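# dropping the sequence and predicted coords here.
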Amino acid sequence: MTLQIGMIGTGWFGRMHAEKLAKLEDVNVAAFTATTQEKAEAAARQHKDARGFASIHDMLDSRKLDAVYICVPPFAHGEIESALIERDIPFLVEKPIGIDEELPAALLRGIRDKSLITSVGYHFRYMDGTERAKELLRDRTLGMALGYWMGDMPGVYWWRSMQESGGQFVEQTTHIVDLLRYTAGEVKEVYAAYGDRIVSGSTEGVTVPDVGSVTLKLASGAIATISNTCSIPAGSHSGLHLYTSSGVMELSSGGLIDKETGRTTEYKNKTNPYDAENDAFLHAVRTGDTSRIRSDYEDAWMTHRVTMAANVSARTGLPVTIEL
């Protein structure tokens, strides 16, 4: 059976996913929705038999789709997911799943009611190094973790707005929060401090903090700190270090470096995590078997709650407890 796939969003992520899907057998990229009809049609012209639509409703009325990819900015969620839930259409949505707690919570209730197949784009979970880290942690005691996402500010207008992106910890560093949860377990308390040091004084219209550090207490008893900045013009890097009874594991987009006494072992990522993520989701759509999906909407909701708690803590100056 050839799966008919709809794409919502024609930015980098939308184009990337569409290009990967178009190379697969028995997958047809059939429709695009964008902020304008012109953008949607321009994207559709790159794919045989695809059509462009100005709205999710027009697309769903005109095309019979087996699944949809949602690649939109954080503030644009809600109507899209609701329309897909109503029609029982599985979807893969790029992170983050929103900019507040209320909307994703309401969507999750609909997803649960329909037992709808979902996947969320936390592709770091699909890295080879991540799986190896999880295996090693089964025989080690985690003491603490140190995560980081250090870089400059993306150029898209909405990223600079706290109301439209949720800020760096929500929009970008959420990958590291999710990596921590996936490898080390749930977070039960969050304390955050954010600051405006460089970017707001040099770039007009910026309302997101450009530095921040978040301390997290895990249900296991381990503690973690995740820091980020979007203010540095050079030296960008991101990752998660796990400090254990055997040494330190350094997990990044390149793979895993395991440092023990007298020995260092490197496990490089060989599998493209986006390909693995797509394979898991499409397998679930075809068969109903969701076991390969490493982050569905319900799991992603737990990561989202941590990032929301960090924003609340930074605003109030108080620690925030997460009920598990």
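Structure received.

# from here on, just use CA atoms for contacts and neighbour counts.
Will do.

# tell me, how many residues neighbour Ser62?
Taking other Cα atoms under 10 Å as the neighbour definition, Ser62 ends up with a count of 12.

# swap in Glu25?
Residues within reach of Glu25, counting by other Cα under 10 Å, total 10.

# how about Thr287?
Neighbour count for Thr287, taken as other Cα under 10 Å: 8.

# and if you look at the one 5 residues further on?
Taking other Cα under 10 Å as the criterion, the count of residues near Arg292 is 15.

# my guess is it meets Ala276, correct?
No - using Cα atoms under 8 Å, Arg292 and Ala276 do not qualify as a contacting pair, with a distance of 9.0 Å.

# next, Ala284: secondary structure please.
Per DSSP: H, G, I helix; E, B strand; the rest coil, the local secondary structure of Ala284 is helix.

# cool, and Asp100?
coil.

# so it sits right up against Met308, yeah?
Yes - between Asp100 and Met308 there is a contact at 6.8 Å, judged by Cα under 8 Å.

# between the two ends of stretch 3-15, how far is it?
Stretch 3-15 has an end-to-end distance of 18 Å (Cα to Cα, to the nearest Å).

# avg pLDDT for it?
Rounded to a whole number, the mean pLDDT of stretch 3-15 is 96.

# in which helix or strand does the nearest residue in space to Ile111 that is not next to it in sequence reside?
Beyond its immediate neighbours in the sequence, the residue positioned closest to Ile111 (Cα to Cα, 6 or more residues apart in numbering) is Ile85, lying 6.4 Å away. When elements are assigned from DSSP states H and E, Ile85 belongs to helix 79-86.

# now the element after that helix, going C-ward?
Where DSSP H and E defines the elements, the next helix or strand beyond helix 79-86 is strand 91-93.

# quick one, the following helix or strand past that next one and helix 79-86 angle?
Remark: after strand 91-93, the chain's next helix or strand is helix 102-114, criterion DSSP H and E. With axes from the mean of the first three to the mean of the last three Cα atoms, to 10 degrees as the basis, helix 102-114 and helix 79-86 are set at 10 degrees to each other.

# quick one: mean pLDDT for helix 102-114?
This predicted structure assigns helix 102-114 an average pLDDT of 98.

# how far away is Arg294 from Tyr69?
16 Å.

# of these two, which one has the most company?
When Arg294 and Tyr69 are compared on other Cα under 10 Å, the one with more neighbours turns out to be Tyr69, at 24 against 20.

# list the contacts for the more buried one?
The contact partners of Tyr69, taken as Cα atoms under 8 Å, 6 or more residues apart in numbering, are 5-8, 14, 91-94.

# may I have the strands that pair with the helix or strand hosting it, each with its orientation?
In the assignment (DSSP H and E), Tyr69 maps to strand 67-70. Using DSSP bridges, the neighbouring strands of strand 67-70 in the sheet come out as strand 3-8 (parallel), strand 91-93 (parallel).

# which parts of the next helix or strand after the first one are buried?
Read it as strand 3-8. Counting by DSSP H and E, the element after strand 3-8 in chain order, helix or strand, is helix 12-22. Taking 16 or more other Cα atoms under 10 Å as the basis for neighbour counts, the residues of helix 12-22 that come out buried are 14-15, 17-18, 21-22.

# helix, strand, or coil at the residue nearest to Leu240 when sequence neighbours are not counted?
With Cα to Cα, 6+ apart as the criterion, Leu240 has its nearest non-adjacent residue at 4.2 Å, and that residue is Gly147. With three-state DSSP as the basis, the three-state label of Gly147 is strand.

# where's Gly147 relative to Leu107, distance?
Counting by Cα to Cα, the gap between Gly147 and Leu107 amounts to 29 Å.

# give me the contacts around the lowest-mean-pLDDT helix or strand in the chain.
Evaluated with mean pLDDT, DSSP states H and E, the helix-and-strand set of the chain has its lowest mean pLDDT in helix 199-202, which scores a mean of 83. With Cα under 8 Å, 6+ apart as the contact definition, helix 199-202 has outside contacts at 206-207, 209-210, 231.

# now do the contacts for the closest residue to Leu251 other than its chain neighbours.
Nearest residue to Leu251, sequence neighbours excluded (Cα to Cα, 6+ apart): Leu240, at 5.2 Å. Contact criterion Cα under 8 Å, 6+ apart gives 145-148, 176, 179-180, 250-252 as the residues in contact with Leu240.
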